[in-house]
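Novice: model this:
(one chain, ligands or ions: 2)
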Amino acid sequence: VTLSSTFIQRLFTLITSVENGLAGAERLNQYLRQPIEPCAGLPRSARYPTDHIKRPVGLVPRLPVDRLGKKLQVKDVWFRYSEGGPWILKDLSFVIEPGESVGVIGRTGAGKSSLFQALLHVYPVAQGEISLAGKTLAPLPELSADSVDLEEWRSQFAYITQSPTIFRGSLRENLDPFRERTDDHLREILQRVGLGDFVQGLTGQLDYDLEEAGANLSAGQKQLIATARCLLSDASVVLMDEATSAIDPNSEEAFVRATNELLADRTRLIIAHRLGTVEDCDRVLWLSGGTVKMFAPPARVLPAFLAQGQNPVAPKTPELTPPLG
Ligand code: ATP
Ligand code: MG
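Specialist: Ligands and ions are numbered 1, 2, ... in the order given. Below is the predicted model of the structure:
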């Protein structure tokens with residue numbers, strides 16, 4: 001009797017776990033069939049059968065690799081976070097030359113971070129066009145010599161912030177997840193970003209365990225790890241968004257100066273909250289209410305920005321709507 005009741009109990013536990021498993025599989029099935037981002041495709045190696053388009057092997061057009069910096073063109077771009085929501089970028093147009101460094105300034109809410117979201121196509125651009133080295137983003141079946149898909153597009157951008165994605169694992173795994181680099185190469189890069197001594201002092205050095213979200217690193221160290229990742233990548237455009245709550249404004253300036261030097265051959269956009277940070281940039285893009293107020297060398301833009309900042313009642317820009325929206 002004891003044996004069979006234990007058996008029955010086990011049987012029910014088993015049935016319950018099979019039911020739970022089936023429900024989980026059904027949810028996973030639904031999840032895997034969700035629409036994917038516009039212009040993206042599944043990797044060729046994806047096995048689970050869905051209707052999603054897969055990236056062809058070797059045939060996806062790529063951006064030229066001959067030089068790191070690439071011309072970035074933003075043309076008549078309208079951007080907002082939701083349909084029916086307020087326009088955040090309004091008819092924005094500018095061109096950034098290959099390898100140019102551009103400081104991005106503007107009051108809080110001017111649309112600086114949103115510009116980065118638009119460049120990375122985190123949200124769809126409602127109207128207008130963004131191109132890199134003359135190529136735009138297009139859905140996989142329509143790819144031509146003048147376009148690339150989302151994976152290739154995003155691979156061109158490096159995003160450096162004080163809270164970069166850091167996952168639980170060794171320092172090495174965080175820098176080189178596919179084990180494509182030698183230890184010597186990783187050490188050299190860490191040295192170049194200024195983390196050489198820090199890593200020397202760690203137990204295990206490259207094997208040092210990083211915690212989820214980089215909990216055992218300082219904000220500055222996280223930023224330097226993001227810079228090291230960028231140096232290890234082929235990204236041609238570097239986006240830097242300095243946190244508004246920069247604990248130490250002097251370190252913002254020092255960090256950006258160092259990064260600018262390290263990444264001099266790439267096209268750089270730097271959102272700064274200290275004007276000193278963008279003094280050495282080639283040009284400064286001043287955004288106001290989602291439009292370009294001025295785009296010129298720092299010596300022209302910074303005094304004008306300061307003069308406006310001192311004006312307690314800055315003229316309000318009239319509400320704009322897109323020509324077709
Ligand atoms: P700051 O200097 O404070 O960082 P910013 O220039 O980066 O400001 P954005 O973050 O681009 O400003 O914000 C521009 C506008 O877009 C703001 O009105 C903001 O409320 C809105 N916005 C920003 N992010 C989102 C979002 N994820 N969803 C909806 N609206 C957003
Ligand atoms: Mg911002």
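
Novice: On the strand side of things, show who S288 bridges to.
Specialist: T291 (DSSP bridges).

Novice: ok so W78 is a helix residue?
Specialist: No: applying DSSP: H, G, I helix; E, B strand; the rest coil, one finds W78 to be strand, outside a helix.

Novice: so it touches Q127, yeah?
Specialist: Yes: taking C-beta atoms under 8 Å as the contact criterion, W78 and Q127 are neighbours in contact, 4.2 Å apart. Just so you know, the C-beta spots here come from the backbone N, C-alpha and C atoms, and that holds for glycine as well.

Novice: which of those two has more neighbours?
Specialist: W78 (22 against 15; other C-beta atoms under 10 Å).

Novice: now T291: how far from F94?
Specialist: Applying C-beta to C-beta, to the nearest Å, the value for T291 to F94 is 11 Å.

Novice: elements contacting the helix or strand encompassing E252?
Specialist: In the assignment (DSSP states H and E), E252 maps to helix 249-262. Other elements packing on helix 249-262 under the criterion 3 or more C-beta pairs under 8 Å, 6 or more residues apart in numbering; DSSP states H and E are helix 183-193, helix 219-232, strand 237-241, strand 267-271, helix 275-278.

Novice: Out of those, which is closest to P139?
Specialist: strand 237-241 (21.9 Å; C-beta to C-beta).

Novice: Can I get that closest one in PDB, CA atoms only?
Specialist: The C-alpha coordinates for strand 237-241 follow below in PDB (Å, rounded to 0.1, in the frame of the first residue of the first chain):
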ATOM      1  CA  VAL A 237      30.400  55.400 -35.500                       C
ATOM      2  CA  VAL A 238      30.800  55.800 -31.800                       C
ATOM      3  CA  LEU A 239      27.900  57.200 -29.800                       C
ATOM      4  CA  MET A 240      28.600  58.500 -26.300                       C
ATOM      5  CA  ASP A 241      25.900  59.700 -24.000                       C
END
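
Novice: ok, and for the helix or strand S5 falls within, which residues are buried?
Specialist: Element membership of S5 [criterion: DSSP H and E] is helix 2-32. By neighbour count on 16 or more other C-beta atoms under 10 Å, the buried set for helix 2-32 is empty.

Novice: starting at the chain centroid, how far to it?
Specialist: Centre-to-centre, helix 2-32 and its host chain are 41 Å apart (C-alpha atoms, centre = their mean, to the nearest Å).

Novice: what does stretch 61-74 give?
Specialist: On C-alpha atoms, centre = their mean, the centre of stretch 61-74 falls 17 Å from that of its chain.

Novice: and the gap between P297 and E97?
Specialist: Distance from P297 to E97, by C-beta to C-beta: 13 Å.

Novice: Okay, A296 and ligand 1: tell me how far apart.
Specialist: 19 Å (C-beta to the nearest ligand atom, to the nearest Å).
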